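In: what shape does this take:
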Amino acid sequence: QQLGLLVARGHVLETLPRLTRVIFDKTGTLTEGEPRLRAIVPLRDGIEHVEVRDIAAALESHSNHPLARAFRAWSGNRAVRQLRSVTGRGVSGICGETTYRLGRPDFVCELAEDCSQIPQVPAEPGQWLLLGDSIGPVAWLCLGDTVRPSAAQSVVELRGQGLEAELLSGDQSAEVPRLAAATGISEFRGGASPEQKLAHLRSLQSQQQRLLMVGDGINDVPVLSGADVSVAMMSAADLAQSRADAILLQGDLRALPRAFELARKCRTIIRQNLAWAISYNALALPLAFLGLVPPWAAAIGMSLSSLLVVVNALRLSRWQPAE
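Out: Coordinates of the predicted model:
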């Protein structure tokens with residue numbers, strides 16, 4: 001916990017030294033999880049930016065996805081009913097007499113009576129969400145988030161410990177490769193649904209890889225449950241935290257390589273203690289059985305052996321991560 005990682009399940013420290021790959025979610029994990037509305041691009045004549053913003057805010061008013069935080073300031077400007085959230089795809093609801101959808105372009109265009117062609121995502125950097133109704137696309141909304149300051153350093157340190165890093169996101173935009181490049185991650189995949197994320201996880205595990213998954217959203221719950229070890233951010237949804245094996249308390253991703261380092265140190269000390277205990281008993285028991293060791297000496301020897309094991313374990317309390 002002093003390192004910023006709260007361990008919720010006992011197998012974490014035992015399993016960490018055997019892991020081979022760390023998989024990161026994008027929004028709220030490698031980024032700060034505090035997105036801002038950067039731009040609105042209307043796709044229909046007569047539609048106002050304020051109208052688009054307020055409709056989107058109403059649709060996101062009850063969502064617990066990190067992206068919904070970008071619309072909190074305007075969530076009460078419009079009334080909405082029959083809200084529905086589709087994990088990994090988007091949200092829908094009725095504003096006035098019109099049913100709207102907000103999220104991935106394919107999900108939004110399914111609502112339209114005639115939407116044979118999904119509009120092209122704008123080239124400008126950012127995470128783009130599409131707003132549409134039964135007639136077709138209404139507007140693009142661009143959200144921007146800040147990369148966590150500790151993300152790139154964490155990836156460097158994990159690689160230095162022999163671990164591979166991967167970005168696995170449901171976002172379809174160009175933000176995925178841009179964020180991967182900014183954090184030094186060479187393997188990335190965007191546009192993955194929760195089912196596809198879990199299938200990818202199973203595929204890696206079938207190749208004898210042992211995985212750590214880091215995420216924060218409800219759509220990450222399947223992969224958090226399926227990973228060998230899972231870590232949820234402190235800002236994560238309650239369901240994600242309940243399924244995670246550990247929780248990152250302060251949002252500092254450098255706690256991950258430190259946890260790996262500490263877990264290896266724990267394993268080393270456990271092996272030292274086991275080796276000493278086996279060696280001591282292998283030597284002392286035969287001597288005591290043959291009567292070559294008086295009882296008082298055996299009692300002192302056993303006490304000293306136990307004390308040595310305890311003192312060796314206490315070294316962990318003074319452990320500090322390598323700079």
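
In: all helices for the stretch 151-300 of the chain, in order.
Out: Assigned helices in the stretch 151-300 of the chain, in chain order: 151-160, 175-183, 194-206, 221-226, 238-243, 255-289, 295-314 (criterion: DSSP state H, counting those that start in this stretch).

In: deepest of those, which one?
Out: Among the helices of the stretch 151-300 of the chain, ranked by average contacts under mean count of other C-beta atoms under 10 Å, first place goes to helix 221-226 (a mean of 22). (Glycine included, C-beta is placed from N, CA and C.)

In: counting by contacts, list what it packs against.
Out: Applying 3 or more C-beta pairs under 8 Å, 6 or more residues apart in numbering; DSSP states H and E, we find helix 221-226 packed against helix 194-206, strand 211-215, strand 229-233, helix 238-243.

In: redo that, cut-off 7 Å
Out: Applying 3 or more C-beta pairs under 7 Å, 6 or more residues apart in numbering; DSSP states H and E, one finds that helix 221-226 makes contact with helix 194-206, strand 211-215, helix 238-243.

In: the helices of the stretch 151-300 of the chain: which one's closest to residue 13?
Out: Smallest distance to residue 13 across those (C-beta to C-beta): 4.7 Å, for helix 255-289.

In: run the angle between the closest one and strand 229-233 for me.
Out: Angle of helix 255-289 versus strand 229-233, following axes from the mean of the first three to the mean of the last three C-alpha atoms, to 10 degrees, is 140 degrees.

In: re earlier: can I get the helices of the stretch 151-300 of the chain in TSV with distance to residue 94?
Out: Output for the helices of the stretch 151-300 of the chain, formatted as TSV (distance: least, C-beta to C-beta, whole Å):
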stretch	distance to residue 94
helix 151-160	39
helix 175-183	30
helix 194-206	26
helix 221-226	28
helix 238-243	26
helix 255-289	43
helix 295-314	61
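
In: before we move on, back to that, residue 3: which of the helices and strands packed on helix 221-226 is closest?
Out: Nearest to residue 3 among the helices and strands packed on helix 221-226 is strand 211-215 (15.0 Å), distances taken as C-beta to C-beta.

In: any chance of the helices of the stretch 151-300 of the chain in TSV, plus distance to residue 142 and mean pLDDT?
Out: Listed next are those as TSV, based on distance: least, C-beta to C-beta, whole Å; pLDDT from 0 to 100:
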stretch	distance to residue 142	mean pLDDT
helix 151-160	21	94
helix 175-183	10	89
helix 194-206	24	93
helix 221-226	27	89
helix 238-243	26	79
helix 255-289	30	84
helix 295-314	53	79
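
In: out of the ones you listed, nearest to residue 131?
Out: Across the helices of the stretch 151-300 of the chain, residue 131 has its closest neighbour in helix 175-183 (18.1 Å, C-beta to C-beta).

In: who are the packing partners of the closest one?
Out: helix 151-160, strand 164-168, strand 187-189.

In: which one, of the helices of the stretch 151-300 of the chain, ends up nearest to residue 102?
Out: That would be, of the helices of the stretch 151-300 of the chain and by C-beta to C-beta, helix 175-183, which comes in at 17.1 Å.

In: quick one: closest of the helices of the stretch 151-300 of the chain to residue 20.
Out: helix 194-206 (8.9 Å).

In: which residues are contacting the closest one?
Out: For helix 194-206, contacts defined as C-beta atoms under 7 Å, 6 or more residues apart in numbering pick out 21, 87, 88, 168, 189, 192, 211, 219, 222, 223, 226, 227.
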